[in-house]
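Student: Let's see this in three dimensions:
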Amino acid sequence: MQAITAKDFEHVGDDTALTVVDFWATWCGPCKMQTPVLEQLDQDYAGQVKFASLDVDQNQELAQSLGIMSIPSLVVFKNGKPTEKVVGFHPKAALKKYLDGKLAEATA
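Tutor: Just a heads-up that it's a prediction; the model follows:
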């Protein structure tokens, strides 16, 4: 999973059909639980879904511009455009089911 900043954000998802950006902070307990799940999914979906993480404390303006009010928040990008937001901690099985559905939609 690639760590990005607001500077890198402009090109998020340009090179892949589906990108998930994790908005997190170092002090956030649920974020610390979500990170290993996303790292596993990054390996499981290699070549299908791109994963990135963005520290909201270091990139406050960008987080605000995307309406990030709670963390962890996952913003799903399809072809470089934000399409959905998933808020709070989610276990691997739930995110896997969600991503499988998104991939099925993308190929339909």
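
Student: Just after the lowest-mean-pLDDT helix or strand in the chain, pick out the following helix or strand.
Tutor: Across the helices and strands of the chain, mean confidence by mean pLDDT, DSSP states H and E is lowest for helix 6-9: a mean of 81. Next helix or strand after helix 6-9 toward the C-terminus (DSSP states H and E): strand 18-24.

Student: Can you mark which positions in that following strand are buried?
Tutor: L18, T19, V20, V21, D22, F23, W24 (16 or more other CB atoms under 10 Å). Heads up, the C-betas are built off the backbone N, CA and C, glycines and all.

Student: Name the residues that touch the next helix-or-strand element following that strand?
Tutor: Remark: after strand 18-24, the chain's next helix or strand is helix 29-44, criterion DSSP H and E. Contact with helix 29-44 is made by 1, 20, 22, 24-25, 49, 51, 53, 71-72, 74, 88-92, 95-96, 99, as judged by CB atoms under 8 Å, 6 or more residues apart in numbering.
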